[in-house]
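> Just to be clear, the model below is a prediction. Sequence and coordinates:
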Amino acid sequence: MDVTFWGTRGSIASAGKATQRYGGNTAAVQVTGRDGTVLIFDAGTGIREISESLPPTLRRVDIFLSHLHMDHIQGLGFFAPMFTQSMDVHLWARRRRRSTCGVA
């Protein structure tokens, strides 16, 4: 198994000299199994770079969303496999039964 952290920033992606060493993308972690299976945990801005690194022969990716805050989903629109007909992208997230803010 190979684990790559493509983004670990908090709520706001930040680019610049201060983030040059460790990167400025928000949460996105890729786990690749020995058999080539790819799991992605969270879809922050780092997921864009994941899509650029995937092998062209890959046909399925599973994305697990820890929660739906913007910094964990804002990269989905830039994840190329979402728009590739030959790719199966499966999104997984916890189903919420009630709101924590008082709105149903």
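Yep, it's here.
> Surely residue 49 is in a helix?
Yes - counting by DSSP: H, G, I helix; E, B strand; the rest coil, residue 49 falls inside a helix.
> check contacts around it.
6-7, 25, 28 (CB atoms under 8 Å, 6 or more residues apart in numbering). Glycine gets a C-beta too; all of them are placed from N, C-alpha and C.
> how about low-confidence regions in the chain?
Applying pLDDT under 70 to the chain picks out residues 19-22, 97-104.
> ranges for the helices of it?
47-53 (DSSP state H).
> Name the nearest residue to residue 26, ignoring sequence neighbours.
residue 44 (3.0 Å; CB to CB, 6 or more residues apart in numbering).
> what about the one you found, how many neighbours?
Residue 44 has 26 neighbours, counted by other CB atoms under 10 Å.
> Same check on residue 96?
For residue 96, using other CB under 10 Å, the count is 9.
> From residue 42, how far off is it?
17 Å (CB to CB, to the nearest Å).
> Which residues are in contact with the most centrally placed residue in the chain?
By CA atoms, centre = their mean, the chain has its centre lying nearest to residue 43, at 2.5 Å. By CB under 8 Å, 6+ apart, the contact list for residue 43 reads 28, 63, 65, 72-76, 79.
> hmm, 6 Å instead?
Residues near residue 43 by CB atoms under 6 Å, 6 or more residues apart in numbering: 63, 73, 75-76.
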